[in-house]
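J.: Return atomic coordinates for the entry below.
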Amino acid sequence: MNESEAISKDPKGLTEAAVEALAKNIRDWDYHVANETELCHMFFSSFMQLCDNYALPVSCLKAEIRLHPKGSVDFGIKTINEDKGQFSVFIEAKTWLRPLKVSAWSKSNQSASKRNQCIEDAQRLLRLKNSGACSDSALLILEQSSSHIRRLLGGSLKEKGMYFKEIWLDIERPSMGKRKEHLGLIWIL
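T.: Numbers count the residues shown, from 1 in each chain. Next up, the predicted model:
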């Protein structure tokens with residue numbers, strides 16, 4: 001089995017490779033991601049580059065998947081062998097762009113709110129996984145000018161009785177000086 005065949009049969013490995021490519025692209029392009037939409041677009045672009053590199057069908061990635069009766073998931077990945085209804089992986093993207101010109105109290109409230117959104121999304125992804133809508137699910141998180149979510153999300157998920165695997169990549173962009181950005185992929189187990 002060649003590398004392309006191996007990676008196409010491993011959607012988790014494909015997702016992790018796309019996140020690594022995303023981190024590299026943010027660093028190499030010195031791109032300031034301003035919101036979740038831009039993060040999603042950059043992930044989509046990085047995923048497409050990866051598909052092109054490994055000669056994988058780009059149709060394996062779907063964006064903004066509508067779920068019934070309401071709601072959606074940012075990304076779904078299907079392998080070639082998946083049936084039409086089930087996805088291999090669901091991914092929900094989040095950004096935490098720490099505001100620089102607000103009070104410390106306000107920053108704390110905003111970061112706690114973003115962490116709570118991540119917890120709610122993780123619980124929703126687990127429900128989707130348990131219902132059979134997908135085989136695996138993950139949160140994709142970009143954190144700028146802070147390490148709040150990176151430091152505290154794991155403990156909060158444990159308090160909720162959730163199992164997970166975290167992968168965090170530090171991104172050092174030339175325009176950010178010594179401040180690092182953190183790109184995380186949290187698999188919900």
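
J.: Would you mind finding the longest helix in the chain?
T.: Ranked by number of residues, the top helix in the chain under DSSP state H is helix 104-131.

J.: Pull out the buried residues from it.
T.: Across helix 104-131, burial judged by 16 or more other CB atoms under 10 Å covers 107, 110-111, 114-115, 118-119, 121-122, 124-126, 128-129. Every residue, glycine included, has its C-beta placed from N, CA and C.

J.: now swap in stretch 37-54 and tell me
T.: Quick answer for stretch 37-54 (16+ other CB under 10 Å): 39-40, 42-44, 46-47, 50-51, 54.

J.: before we move on, what about stretch 20-36?
T.: 20-23, 25-27, 33, 36.

J.: now swap in stretch 162-172 and tell me
T.: Those would be 162, 164, 168-169, 171, for stretch 162-172 by 16+ other CB under 10 Å.

J.: related to what we said a few turns ago, which one of the buried residues of stretch 37-54 sits closest to Ala63?
T.: Proximity of the buried residues of stretch 37-54 to Ala63 was ranked by CB to CB; the top entry is Phe44 with 6.1 Å.

J.: what is the residue nearest to the spatial centre of the chain paired to in the beta sheet?
T.: With the centre of the chain defined as its mean C-alpha position, the nearest residue by CA atoms, centre = their mean is Leu140, 1.5 Å away. Applying DSSP bridges to Leu140 gives these bridge partners: Ala93, Leu185.

J.: so what's it up against?
T.: When the contact criterion is CB atoms under 8 Å, 6 or more residues apart in numbering, the partners of Leu140 are 19, 39, 43, 74-75, 91-94, 183-185.

J.: got any ranges where this protein has weak pLDDT?
T.: Applying pLDDT under 70 to the chain flags the ranges 1-9, 79-85, 98-110.

J.: returning to that earlier point: among the buried residues of stretch 20-36, which are in helices?
T.: Per DSSP H, the subset of those in helices is 20-23, 25-27, 36.
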